[in-house]
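Enquirer: A structural model of the following input is requested.
(one chain, ligands or ions: 2)
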Amino acid sequence: MAKITSLIRKLEGSYGHPAADSATISFQTGHAFHWNYRERTLTYNPAHPHAEQYLFHELAHALLAHKSYSSSVQLLEMERDAWQEALQLAHEYGTTIDEDIAQESLDSYRDWLHQRSLCPRCAATGVESTSFHYACLACGHSWRSNEARNCALRRVSKNK
Ligand SMILES: [Zn+2]
Ligand SMILES: [Zn+2]
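Expert: Ligands and ions are numbered 1, 2, ... in the order given. Predicted coordinates:
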């Protein structure tokens, strides 16, 4: 955890100055990893086993000016881009990101999106019409999935 504290100090040195105009980023601890583009606040959990890697990932969202997404495809693209950028950022700060962690994170997003595309009524796979609105072609039911707010999603076990 001492390591993450010194990294945060470095990042605050680079991005936390009010003089650095509107691009200032505030860092705060919390339970999850999250980039709030409205408040320009990056929340990180220093106790997470891959805290540093997810920190770079959230920083990537911030630097890429990611705001909101209008479909699950766009969400996955943003996640993929953020990991690409995170690899670069980590390199600049003399550390590396385990590509398995990036892959695992993307897989967990795919699983999460898949779960939400299943019809709550008959369990057939629905079609995403607009922004996270799904329709079931089998039974005609329609529903809306919640947006993913946490990039460090837990992998949904398929065996349960
Ligand atoms: Zn259905
Ligand atoms: Zn993310």
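Enquirer: Could you check how far the longest helix anywhere in the chain is from the centre of its chain?
Expert: In the chain, ranked by residue count with DSSP state H as the criterion, the top helix is helix 72-92. Mean-position distance between helix 72-92 and its chain equals 9 Å (C-alpha atoms, centre = their mean, to the nearest Å).
Enquirer: Not counting its own residues, what contacts it?
Expert: 52-53, 56-61, 63-64, 66, 69, 96-97, 99, 102, 105-106, 109-110, 113, 116-117, 128, 132, 145, 147-148, 151 (C-beta atoms under 8 Å, 6 or more residues apart in numbering). Where you see a C-beta, it was placed from the backbone N, CA and C, and this is true even at glycine.
Enquirer: just the buried members of those?
Expert: By neighbour count, with 16 or more other C-beta atoms under 10 Å, those hold 52-53, 56-61, 63, 66, 69, 97, 102, 105, 109, 113, 116-117, 128, 132, 145, 148, 151 as buried.
Enquirer: Where strands are concerned, which of the residues you listed count?
Expert: Taking DSSP state E, the ones among the buried ones among the contacts of helix 72-92 that sit in strands are E128.
Enquirer: From the buried ones among the contacts of helix 72-92, which land in helices?
Expert: Checked against DSSP H, the buried ones among the contacts of helix 72-92 include these in helices: 52-53, 56-61, 63, 102, 105, 109, 113, 116-117.
Enquirer: can you give me the end-to-end distance of stretch 23-40?
Expert: Length of stretch 23-40, first residue to last, C-alpha to C-alpha, to the nearest Å: 8 Å.
Enquirer: Which positions in it come out as buried?
Expert: Neighbour counts using 16+ other C-beta under 10 Å place 25, 27, 33-35 of stretch 23-40 among the buried residues.
Enquirer: can you name the two of the residues you listed that are farthest apart?
Expert: The widest separation within the buried residues of stretch 23-40, taken as C-beta to C-beta, falls between I25 and F33 and amounts to 13.7 Å.
Enquirer: list the residues that contact both of the two?
Expert: Taking C-beta under 8 Å, 6+ apart as the contact criterion, no residue touches both I25 and F33.
Enquirer: that older thread, among the ones in helices among the buried ones among the contacts of helix 72-92, which one sits closest to Y44?
Expert: Among those, and counting by C-beta to C-beta, the member closest to Y44 is E58, at 6.6 Å.
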